[in-house]
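Visitor: From the sequence below, what's the structure:
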Amino acid sequence: MSLPLTLPVVCATGAGATALDALDDALVSAGVGDFNLIEYSSVLPVGASVERHERFPADRYPVGAPVGAVMASATATDAPVAAAVGWTRAEEGGIFFEAGGADPDVVEREVRAGLTGARARRNWAWHGNESVVLTDRRSPAGNEGAVAAVVVAVHGRLD
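Guide: Numbers count the residues shown, from 1 in each chain. The predicted structure follows:
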């Protein structure tokens with residue numbers, strides 16, 4: 001299996017009757033809700049680049065396709081939610097770091113601290129700065145029972 005060299009990153013928020021329902025709403029809004037997301041650890045292949053997209057193209061893979069992804073998510077029934085994925089690249093590859101929680105500032109700091117640590121423990125030829133994509137949503141309103149925030153970096157179809 002060869003991995004794509006351009007990895008799209010998408011983010012969205014959602015709401016629903018339960019935390020899982022809200023997460024499904026966020027995944028569908030991001031364009032990845034009809035795939036079987038298989039969580040990867042957070043390593044970028046050599047030569048890969050990452051591009052921010054507003055929505056993942058739903059017609060790229062068939063419904064139910066197994067798709068590798070790095071994902072950050074947060075759900076809550078009585079609090080705000082935030083999720084972030086960040087990345088940094090080197091000649092040898094790259095690293096993603098992901099986090100979720102209630103406070104967007106705390107979530108972003110956690111991602112940036114993780115990227116700093118990942119760079120420090122690898123003797124790689126790092127280039128450029130790290131990038132972070134973050135999304136957040138306030139607590140449920142009206143008849144919403146829960147809210148969710150999700151950021152997904154799609155590595156690609158696995159079959």
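Visitor: Return the residues in contact with the closest residue to residue 6 other than its chain neighbours.
Guide: For residue 6, ignoring the flanking residues on the chain, the nearest one in space by CB to CB, 6 or more residues apart in numbering is residue 49 at 5.4 Å. Bear in mind the C-beta positions are built from the backbone N, C-alpha and C, glycine included. Listed by CB atoms under 8 Å, 6 or more residues apart in numbering, the contact set of residue 49 reads 5, 6, 7, 89.
Visitor: same deal with residue 116?
Guide: Counting by CB under 8 Å, 6+ apart, residue 116 has no contacts.
Visitor: Check residue 11 too.
Guide: So residue 11 contacts 30, 83, 85, 133, 134, 135, 149, 150, 151, 152 (CB under 8 Å, 6+ apart).
Visitor: per-residue confidence at it?
Guide: Looking at residue 11, its pLDDT is 96.
Visitor: Across the sheet, point out what pairs with it.
Guide: Bridge pairing for residue 11 (DSSP bridges) gives the partners residue 151.
Visitor: Kindly report the same for the one 4 residues further on.
Guide: The bridge-partner assignment for residue 15, based on DSSP bridges, gives residue 147.
Visitor: Tell me the spacing between it and residue 83.
Guide: The gap separating residue 15 from residue 83 is 14 Å, by CB to CB, to the nearest Å.
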